[in-house]
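Chemist: Let's see this in three dimensions:
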Amino acid sequence: MRAVSPVIAVDSLDDPRLVDFAHRTDVALKKADGRGGPGIYIAESALVLGRALAAGHRCRAVLALGSAVDDAVALVGDEVPVYSGPGEMLASLTGYVLHRGLIASMERPALPAPSSLLEGARRVVVLEDVADPTNVGAIVRSVAAIGADALLIAPRCSDPLYRRAIRVSMGTVLQVPWTRVGDWPSTRELLHDAGFHIAALALSDDAVELRAFAASAPERVALVLGAEGYGLTEEAIAAADTVVMIPMAHGIDSLNVAAASAVAMYALA
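Modeler: Numbering: from 1, shown residues only. Here you go, the predicted model:
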């Protein structure tokens, strides 16, 4: 394939080549690869783009400002177009300011089978109905930093590849193995077949304190975290082998789900 000129000046917001960046919501981007595949997502900053490329994800195009143009070209080479123009024009195109210098449209990879992520894993995190991408991103960053082996996402949980989730995770969502799972009966069977003890983080009369559970934790633990506000569903709690709680002080009933995930994972590491 003949190399293309990598840097293309943006002089019109109507350029059809810029459609990946034109005020598209995360939901629309999931349907936007044009070939009926998993869709695309936006990687924001040279750091995140580098992590996406290192994970083997394919870059479609880059939109960059100033010195970030050279960073983009160094990362993607000659075969991927890098578009550049005045900051105000690019902000009008995308709907937000490119504070980190560049954004890239990336093809979403196909999700792996859940069973493949459980092979050899000892600690996994299951997210049920966590709706805020910021919380999802923060949890993914803790999973990466503290050392859980994989992340399983329930059907109504926010997508880890939404732009805000990727940004908050500092791109670690591109390093942590994750996939979607189905309803609780099938997920419970999947985890038990792989030898996992399911520990649901929730408030209940029979909950075991985290410190006590961690002191004699089973070899393989799947830590289940629920939605902001109302927590885990009854189905999730019923599927658990143990309900675990983090003791609170000063009349506080619980932590933010992202903070709770970090505390629990650290205790079980």
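
Chemist: what is residue 104 paired to in the beta sheet?
Modeler: residue 43, residue 62 (DSSP bridges).

Chemist: again but with residue 125, I slipped
Modeler: residue 151, residue 223.

Chemist: which residues of the stretch 51-200 of the chain fall in helices?
Modeler: For the stretch 51-200 of the chain, the helices defined by DSSP state H, counting those that start in this stretch occupy 68-76, 87-94, 114-118, 133-142, 163-168, 184-193.

Chemist: Please identify which of the ones you listed is closest to residue 261.
Modeler: helix 133-142 (4.6 Å; CB to CB). The way it works is simple: take the backbone N, C-alpha and C, and place the C-beta from them, glycine included.

Chemist: buried stuff in that closest one?
Modeler: 133-142 (16 or more other CB atoms under 10 Å).

Chemist: re the thing from before, quick one, which of the helices of the stretch 51-200 of the chain is packed in tightest?
Modeler: Highest mean neighbour count among these (mean count of other CB atoms under 10 Å): helix 133-142, with a mean of 24.

Chemist: And for that helix, what's in contact with it?
Modeler: Applying CB atoms under 8 Å, 6 or more residues apart in numbering, the contact partners of helix 133-142 are 26, 125, 127, 130, 151, 157-160, 162-170, 172-173, 176, 178, 225, 228, 256-258, 261-262, 265.

Chemist: repeat that for 6 Å
Modeler: Counting by CB atoms under 6 Å, 6 or more residues apart in numbering, helix 133-142 makes contact with 130, 158, 160, 162, 164-165, 168-170, 172-173, 176, 257-258, 261-262, 265, all of which sit outside it.

Chemist: before we move on, the earlier item: can you add distance to residue 7 and mean pLDDT and give the helices of the stretch 51-200 of the chain back as TSV?
Modeler: Listed next are the helices of the stretch 51-200 of the chain as TSV, based on distance: least, CB to CB, whole Å; pLDDT from 0 to 100:
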stretch	distance to residue 7	mean pLDDT
helix 68-76	6	93
helix 87-94	14	86
helix 114-118	39	97
helix 133-142	30	94
helix 163-168	23	93
helix 184-193	47	97
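
Chemist: Turn these into JSON lines, including distance to residue 240.
Modeler: Below are those laid out as JSON lines (distance: least, CB to CB, whole Å):
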{"stretch": "helix 68-76", "distance to residue 240": "43"}
{"stretch": "helix 87-94", "distance to residue 240": "42"}
{"stretch": "helix 114-118", "distance to residue 240": "17"}
{"stretch": "helix 133-142", "distance to residue 240": "18"}
{"stretch": "helix 163-168", "distance to residue 240": "25"}
{"stretch": "helix 184-193", "distance to residue 240": "9"}
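
Chemist: Perfect, that will be all.
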